[in-house]
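Undergrad: Sharing a sequence plus its predicted fold:
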Amino acid sequence: MTAQKPKAQKAAKEPKVAAKQASKKKSGSKKSLKRKSTLKKKINKRPRAKKNTAVSRLYTIHLHKRVHGASFKNRAPRAVKAIKEFAQKAMGVSDVRLDVRLNKFVWSQGIKNVPHRVRVKISRKRNEDEDAKEKMYTLVEHVPVASYDNLQTVTVDE
């Protein structure tokens with residue numbers, strides 16, 4: 001036999017629940033408070049370079065995870081596309097040009113055995129062509145390294 005609570009106790013709990021819900025509506029939910037705090041953190045981070053300034057950075061691109069699951073005949077072409085996509089996101093410019101040496105490095109082991117990682121220098125440069133859609137373009141060049149251990153993204157002075 002289950003013991004039922006008196007109606008007086010149930011009635012006493014209901015106003016507390018209603019008060020909690022009302023306080024949440026006033027101050028905002030936990031998710032909105034989290035969003036506000038992360039926005040403040042983003043504002044306090046280092047200043048970002050503007051999209052229309054020339055800049056160069058060294059990156060290590062993990063190609064192995066980007067071509068994982070691709071069929072053998074599509075691995076090297078997909079790696080090239082992944083490098084272009086990475087550079088486009090990193091620099092915010094849709095016009096991406098790959099250096100010949102980088103292309104040769106990606107294809108050096110054949111179409112199906114793409115290198116696991118590649119160290120690249122991604123440069124955003126001013127477009128000299130007057131007919132161009134965008135003022136800037138991105139050039140991606142290969143940087144040969146002996147080992148990929150403990151390499152960080154570095155901004156390079158030109």
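TA: Done, it's in.
Undergrad: Below-threshold pLDDT in the protein: ranges please.
TA: Scanning the chain for pLDDT under 70 picks out 1-49, 158.
Undergrad: Kindly recompute the last result at 90.
TA: 1-53, 128-134, 156-158 (pLDDT under 90).
Undergrad: how about the strands in the protein?
TA: Listed in chain order, the strands of the chain (DSSP state E) span 55-62, 96-98, 117-126, 136-142, 154-156.
Undergrad: Can you lay out the ones you listed as JSON lines showing distance to G110 and mean neighbour count?
TA: All C-beta spots, glycine's among them, are computed from the backbone N, C-alpha and C. JSON lines is the format used below for the strands of the chain (distance: least, CB to CB, whole Å; neighbours: other CB atoms under 10 Å):
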{"stretch": "strand 55-62", "distance to G110": "19", "mean neighbour count": "17"}
{"stretch": "strand 96-98", "distance to G110": "18", "mean neighbour count": "16"}
{"stretch": "strand 117-126", "distance to G110": "15", "mean neighbour count": "19"}
{"stretch": "strand 136-142", "distance to G110": "17", "mean neighbour count": "20"}
{"stretch": "strand 154-156", "distance to G110": "31", "mean neighbour count": "10"}
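Undergrad: Relative to H68, which of those is closest?
TA: strand 55-62 (10.0 Å; CB to CB).
Undergrad: List of residues touching the closest one?
TA: Residues from elsewhere that reach strand 55-62 (CB atoms under 8 Å, 6 or more residues apart in numbering): 49, 82-83, 86, 90-91, 116-124, 143, 148, 151, 153-158.
Undergrad: quick one on the thing from earlier: out of the strands of the chain, which is closest to F105?
TA: Judged by CB to CB, the one of the strands of the chain that comes nearest to F105 is strand 136-142, at 5.0 Å.
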